[in-house]
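Chemist: Need coordinates for the following:
(one chain, ligands or ions: 1)
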Amino acid sequence: MSTVYLNGAFVPKSEAKVSVEDRGFLLGDGVYEVASFYEGVPLCMDRHMARLERSLAALRIDFDVEGIDGVLRELVSRNGLDTAERSLVYLQITRGAAPRTHYFPTEPVEPTIYAYAASWSRPPQDAWDRGFRAITVPDRRWMRVDIKTILLLPNGMAYQDALEAGVDDAILVRDGVAIEGTHQNFWGVFDGRAVTHPESNLILAGITRGVVLEVADELGIPVEQRAIQVEELQHADELFFTGTTGEVRPCVEVDGSKIGNGRTGPVTHALSEGFLRRVARMKEAATAATP
Ligand SMILES: Cc1ncc(COP(=O)(O)O)c(C=O)c1O
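Modeler: You can find the predicted model right below:
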């Protein structure tokens with residue numbers, strides 16, 4: 001039985017209960033984060049906490065994130081995941097329970113804090129050998145997807161479309177631009193340059209995206225942050241996604257057409273290896289810092 005964290009206490013999952021008046025349940029009024037742990041060591045926890053603070057501030061949810069990173073580490077330990085090659089922690093903060101109104105409650109409300117940890121593994125080798133594929137789907141989300149809210153129905157519908165089409169993710173398209181995946185940022189490689197959508201209200205500024213930008217810089221791979229038109233996709237040398245769950249994930253086919261030679265390209269490969277080296281360095285540093 002897994003142990004979860006709810007409102008200040010670690011409890012068995014079966015005992016974790018929230019109010020039917022919780023505004024997350026009724027209105028999707030909340031934010032979340034998902035962070036990766038590698039053998040119990042979190043990747044970029046400070047950046048996840050900074051993004052969480054930004055999301056909370058955007059929704060005017062009054063909650064101090066101080067100490068929450070420690071809670072997440074303890075959750076990993078309590079669930080026996082300290083030695084797991086990879087695990088994920090999900091953290092959700094909603095505005096709390098209050099009579100249902102469209103406006104924010106006028107009386108102070110205690111936010112609801114919920115977190116769980118789970119082991120996570122990379123897809124099997126045959127999935128890599130076959131290559132990851134995508135379809136394009138209209139971006140039906142709202143105009144503030146830079147805030148990491150729990151309002152994920154349009155992402156879920158697009159992902160479902162992808163799975164029903166027998167592929168691995170959907171590329172969300174708005175005004176002719178390939179914006180991002182359903183739960184990952186999207187990149188193309190054109191003439192040796194790695195291209196990804198600039199930060200704006202139209203994408204989530206992924207933590208993995210940020211790390212991969214740094215890795216590209218370290219490796220001397222030129223980067224351009226600009227919109228990628230859908231018509232450009234078939235002419236890309238490579239396409240790939242980045243995200244906490246998928247890390248750096250090549251995309252070798254879009255809407256049934258092969259990209260490049262239909263295999264993982266050299267830039268994607270270099271960035272993926274660079275990302276994994278970054279993870280290894282981070283683990284080493286954490287081990288060295290342990291008394
Ligand atoms: C829409 C969307 N874009 C991008 C990402 C990737 O962000 P990160 O690298 O922080 O996981 C996510 C992650 O959940 C996402 O939901």
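
Chemist: roughly how far is stretch 12-25 from the heart of the chain?
Modeler: From the chain centre to the centre of stretch 12-25 is a distance of 23 Å (Cα atoms, centre = their mean, to the nearest Å).

Chemist: quick one: contacts of the helix or strand harbouring G274?
Modeler: In the assignment (DSSP states H and E), G274 maps to helix 266-289. If you take Cβ atoms under 8 Å, 6 or more residues apart in numbering as the criterion, helix 266-289 is touched by 38-39, 41, 43, 189, 192, 194, 208, 211-212, 214-216, 218-219, 221, 237-238, 240, 247-248, 250, 264. Quick note: C-beta positions are derived from backbone N, CA and C, even for glycine.

Chemist: Show me which positions of that helix end up buried.
Modeler: Going by neighbour count (16 or more other Cβ atoms under 10 Å), the buried part of helix 266-289 is 267-268, 270-272, 274-275, 278-279, 282.

Chemist: can you list the residues of the stretch 101-250 of the chain near the ligand?
Modeler: Within the stretch 101-250 of the chain, the positions lying close to the ligand (Cβ under 6 Å from any ligand atom) are 155, 180, 183-185, 204, 206-209, 242-244.

Chemist: before we move on, the earlier item: quick one: average pLDDT of the helix holding G274?
Modeler: Averaged across helix 266-289, pLDDT comes to 95.

Chemist: Next: stretch 127-147.
Modeler: 94.

Chemist: Give the buried residues for the lowest-mean-pLDDT helix or strand in the chain.
Modeler: Taking mean pLDDT, DSSP states H and E as the measure, the chain has helix 125-130 as its least confident helix or strand, at a mean of 82. Within helix 125-130, no residue counts as buried by 16+ other Cβ under 10 Å.

Chemist: ok, now stretch 118-127?
Modeler: Within stretch 118-127, the residues that count as buried by 16+ other Cβ under 10 Å are W120.

Chemist: Quick one: residues in contact with that stretch.
Modeler: 2, 36, 79, 81, 84-88, 90, 168, 245, 247.
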